[in-house]
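Enquirer: this one's structure only:
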């Protein structure tokens, strides 16, 4: 038991110290260990996998970036944009493959009963997250002090977006894979923010807590104020 507690404590410290909270498996033991009744051996195996993955990721970060422009070599903006876009797509592809491999390794450690329990747990937590977001949307709208009609429409748009995110997550959980759905998520985000910009003024949009400088919300810096309702 002492060794089990030591392993869990070490994993918590390692995850926090190295800022590795993005992967859904980084805190797997803390998130699901008790519900799944993981054995000490299973926890040891999962910790070993995570440490090995962390070491591999650190090596990747230290390696020179592919396609990086040489000093003093002029490049036009279009070429730079294309290079960055290609690099981002390549990185996302590698990340998706790495995440899928790590997911399969974790699943190979679990029993069939634990795998079935994990699916149900993840579905429950996905639905809980969706419910939380709808409550958060209502509070955001209340704080923004929008008109009654706009409040109703914004709530509908944001809740629909949250539901689309939930559907994507549930589909991924049901498939038993960690396949990437980043393109679908980005498309849904862009569609949602375009609808809000058509409906709201800049001040109303900002009052909801959406910053104009947020790259995730807008495609180009020079177009930040375009598309808003000017009435």
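Expert: Okay, I see it. Every value quoted in this text rests on a predicted model; they were computed, and no experiment measured them.

Enquirer: Please make it C-alpha for all contacts and neighbour counts, starting now.
Expert: Fine.

Enquirer: residue contacts, the closest residue to residue 169 other than its chain neighbours?
Expert: The shortest distance from residue 169 to any non-neighbouring residue, by C-alpha to C-alpha, 6 or more residues apart in numbering, is to residue 126 (7.2 Å). Under the criterion of C-alpha atoms under 8 Å, 6 or more residues apart in numbering, the contact partners of residue 126 comprise 166, 169-170.

Enquirer: pLDDT (mean, whole number) over whichever strand or helix holds residue 126?
Expert: Secondary structure assigned from DSSP states H and E places residue 126 in helix 112-144. Model confidence over helix 112-144, given as mean pLDDT, is 96.

Enquirer: If you tally nearby residues, what's the number for residue 47?
Expert: For residue 47, the number of neighbouring residues by other C-alpha atoms under 10 Å comes to 20.

Enquirer: For it, give me the pLDDT.
Expert: We note a pLDDT of 90 for residue 47 in this prediction.

Enquirer: name the element it belongs to?
Expert: Element membership of residue 47, judged by DSSP H and E, is helix 40-62.

Enquirer: Now that helix: buried residues?
Expert: 42-43, 46-47, 49-50, 53-54 (16 or more other C-alpha atoms under 10 Å).

Enquirer: looking just at contacts, which helices and strands does it meet?
Expert: Counting contacts by 3 or more C-alpha pairs under 8 Å, 6 or more residues apart in numbering; DSSP states H and E, helix 40-62 packs against helix 2-17, helix 77-109.

Enquirer: so after the helix or strand of the chain with the lowest mean pLDDT, what's the next helix or strand?
Expert: Between all helices and strands in the chain, the lowest mean by mean pLDDT, DSSP states H and E belongs to helix 2-17, at a mean of 51. Proceeding C-terminally, helix 2-17 gives way to helix 28-36 as the next helix or strand, assigned by DSSP H and E.
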